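> Here's my sequence, what's the structure:
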Amino acid sequence: MKLVILDRDGVINQESDAFVKNPDEWIALPGSLQAIARLTQADWTVVVATNQSGLARGLFDVSALNAIHSKMHQELAQVGGVIDAVFMCPHGPGEGCTCRKPLPGMYHEIGRRYDVDLAGVPSLGDSLRDLQAAHAAGCSPWLALTGNGVKTRDQGGLPPGTQICDDLPAFVDMLLANDGKTARNTGA
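Numbering: from 1, shown residues only. Sure thing, here's the model as predicted:
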């Protein structure tokens, strides 16, 4: 199994400081859905790991989040792509959970669900907390310069070994050009 982990907001769709609260506010970044489709067609298993503290903050409810993800899946299906699963932390920053990035709990859950060692699994995010969680779980952290990516890069303090790419399509180009050599083949 070739596994890849993506953040959602700022990587697949437009980032919003006011949170993405409904399907109308979920707008795919240019080329992102086609990039995921290319991964799907190359036999990669694509999963999303996303903090969604807007739930805890009361900005939207589970039905709105499900509608957002339904739109994402539908638009992706139209271009031939699949996200196998969406892993999500619904907690607020002060709740002390282990699933909220920068902690690696969500990533460990992905490893358990797919029965894989996450060592070297590529994980793309646009914020320091995405990179920190990926690194702590043993993944290969990648920073996309979309969303908050430029600000994250400029602030520094990236985990060791972090690789930087312009966006999700560029990330996919690199993965596919290396025919999975940048990712650990997890067996299965």
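> What lies in contact with the longest strand seen in the chain?
When the chain is parsed with DSSP state E, its longest strand is strand 44-51. Under the criterion CB atoms under 8 Å, 6 or more residues apart in numbering, residues 1-9, 12, 36, 39-40, 81-89, 100-101, 106-107, 110, 114, 123, 129-130, 133, 175, 180 lie in contact with strand 44-51. Every C-beta, even on glycine, is put in place using the N, C-alpha and C of the backbone.
> How are the strands of the chain distributed by residue range?
Taking DSSP E, the strands of the chain run over residues 2-6, 44-51, 85-89, 122-125, 140-144, 163-165.
> got JSON lines for those strands, with distance to Ala28 and mean neighbour count too?
Below are the strands of the chain laid out as JSON lines (distance: least, CB to CB, whole Å; neighbours: other CB atoms under 10 Å):
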{"stretch": "strand 2-6", "distance to Ala28": "12", "mean neighbour count": "24"}
{"stretch": "strand 44-51", "distance to Ala28": "13", "mean neighbour count": "23"}
{"stretch": "strand 85-89", "distance to Ala28": "15", "mean neighbour count": "18"}
{"stretch": "strand 122-125", "distance to Ala28": "15", "mean neighbour count": "28"}
{"stretch": "strand 140-144", "distance to Ala28": "14", "mean neighbour count": "26"}
{"stretch": "strand 163-165", "distance to Ala28": "17", "mean neighbour count": "16"}
